[in-house]
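1. how would this look folded up:
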Amino acid sequence: MLRRKHMKKFVKTAGGMLFACLMCGGISAKPKKTTLTMLISRDQPMSGIQAVCDSAEKSLGIKVEMEVTSSGIDLDNMVKTRLASGDVPDLIVYNTGSLLAPLDPQNNFINLSGESFSPRINKAFRDSASIDGQLYAIPFGLSQAGAVMYNKKVYKKYGLSVPKTWKQFIANCDVLRKNGVTAIIGTFKDSWTSQVLFLGDSYNVCKAVPDFPAQFEKGNMKYATTPAALRSWQKLADTTSYYNKDYLASTVSDGCDKLASGEGAHYIMLTDNVLPQIASLYPDKIDDIGVFAIPGDTAEDNGITVWMPSGIYGSKNSRHVEAIKKFLNYYMSDAGLDVYCSALDVISGPMPVNNYTP
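-> This is a model prediction of the structure:
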């Protein structure tokens with residue numbers, strides 16, 4: 001009898017301990033979620049990144065809160081100001097290439113060179129996202145081209161052919177203007193879009209002067225004194241009379257609307273800023289849009305200028321460095337890339353990741 005009493009007492013005590021453990025979360029408690037912040041401009045395609053963030057929250061317990069902001073020079077100034085003030089988000093979606101070095105990545109961003117996904121990254125992107133051989137970003141999305149997007153129905157209506165020279169392109173623009181069609185869509189309210197023509201002409205510049213980019217960065221060559229490079233600026237000057245009247249008040253979104261509707265015939269832009277938006281908003285119009293390279297001066301040699309995507313950078317001074325790395329590792333896994341690409345309305349270019357096809 002005494003033994004049974006002791007057993008009952010033990011059961012009651014053990015039950016009380018179990019109840020207390022459950023109450024305090026000692027058993028079967030869910031891991032606490034980590035919340036990361038991300039700064040991203042409104043001109044970036046959002047469907048893919050949003051899908052990855054949603055998936056990461058479910059599978060990793062990492063929630064990403066996006067701060068969507070302006071683009072162009074406003075974004076440049078904001079990023080520099082935030083880095084200088086210490087008010088830095090955990091993740092930043094920003095340009096790669098020449099705009100990286102002024103951000104002092106060695107002191108501001110996580111060095112990703114030793115991460116397991118690093119060897120997967122295409123050399124072209126790696127070079128654009130590295131300083132002194134150290135990698136600081138993963139590709140945000142797809143590679144793209146700086147090119148001329150055109151409305152194929154408008155071309156057919158006026159009997160136009162895809163031009164193989166700049167002279168032929170301007171002749172097409174003359175036909176369109178004569179018929180009351182906006183020949184070239186300008187969206188210079190987003191000021192950065194004014195650069196796409198002369199930067200997108202890089203294929204033609206480099207064909208004539210292969211070492212121009214390297215010599216330009218060293219200060220040994222200038223656009224003004226290099227005839228092949230100056231030609232790109234002359235092309236920009238040639239376009240000024242063909243823009244829509246509201247080109248200074250129009251945004252990229254406005255440009256997509258004008259191109260899809262046929263209000264404008266040509267839009268000189270980055271493919272990944274245009275094609276996904278048209279595919280999403282006007283899915284019945286996407287097949288009406290074609291793409292050709294910014295023409296050179298000879299029909300025998302045509303090539304297109306390829307842009308690396310923006311990068312996703314992790315703040316070196318974040319309280320959540322390990323969570324940032326975990327998120328970036330997931331983003332660069334086949335599972336993460338599949339989630340990203342599956343959410344897109346159109347695949348507008350290759351992902352700069354070795355041995356991966358969207």
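
2. check contacts around the nearest residue to residue 43 once chain neighbours are set aside.
-> Excluding the flanking residues, the one nearest residue 43 by C-beta to C-beta, 6 or more residues apart in numbering is residue 71, at 4.3 Å. From N, CA and C alone the C-beta is placed, and that goes for glycine too. Listed by C-beta atoms under 8 Å, 6 or more residues apart in numbering, the contact partners of residue 71 are 41, 42, 43, 190, 192.

3. residues in contact with the first one?
-> This means residue 41. Neighbour list for residue 41: 68, 69, 70, 71, 75, 93 [criterion: C-beta under 8 Å, 6+ apart].

4. selecting buried members of those in PyMOL, what would you type?
-> Buried subset of the contacts of residue 41, written as a PyMOL selection, criterion 16 or more other C-beta atoms under 10 Å:
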select buried, resi 71+75+93
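
5. just the contacts of residue 41: which are in strands?
-> Using DSSP state E, the subset of the contacts of residue 41 located in strands is 68, 69, 93.

6. and which of these is nearest residue 249?
-> Using C-beta to C-beta, residue 69 is the member of the ones in strands among the contacts of residue 41 that sits closest to residue 249, with 20.1 Å.

7. looking at the sheet around the closest one, what are its partners?
-> Under the criterion DSSP bridges, residue 69 forms beta bridges with residue 41.

8. so what's it up against?
-> Residue 69 touches 39, 40, 41, 42, 75, 78, counting by C-beta under 8 Å, 6+ apart.

9. at 10 Å instead, please
-> Neighbouring residues of residue 69 by C-beta atoms under 10 Å, 6 or more residues apart in numbering: 39, 40, 41, 42, 75, 78, 79.

10. near the second one, how many other residues are there?
-> Spelled out, that is residue 40. The burial count assigned to residue 40 is 23, neighbours taken as other C-beta atoms under 10 Å.

11. residue contacts, it?
-> Contacts of residue 40 by C-beta under 10 Å, 6+ apart are 46, 49, 64, 66-69, 71, 75, 89, 91-94, 140, 310, 312.

12. chain neighbours aside, what residue packs nearest to it?
-> Nearest one to residue 40, counting by C-beta to C-beta, 6+ apart, is residue 93 at 4.2 Å.

13. residue 187 belongs to a helix, doesn't it?
-> No. Under DSSP: H, G, I helix; E, B strand; the rest coil, residue 187 falls outside any helix and is assigned coil.

14. buried set for stretch 74-81?
-> Residues 75, 76, 78, 79 are the ones in stretch 74-81 that count as buried (16+ other C-beta under 10 Å).

15. can I get these in CSV with distance to residue 351 and pLDDT?
-> Putting the buried residues of stretch 74-81 into CSV (distance: C-beta to C-beta, whole Å; pLDDT from 0 to 100) gives the following:
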residue, distance to residue 351, pLDDT
75, 23, 90
76, 26, 90
78, 27, 93
79, 24, 95
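
16. now stretch 184-191: buried residues?
-> By neighbour count on 16+ other C-beta under 10 Å, the buried set for stretch 184-191 is 184, 185, 186, 187, 188, 189, 190.
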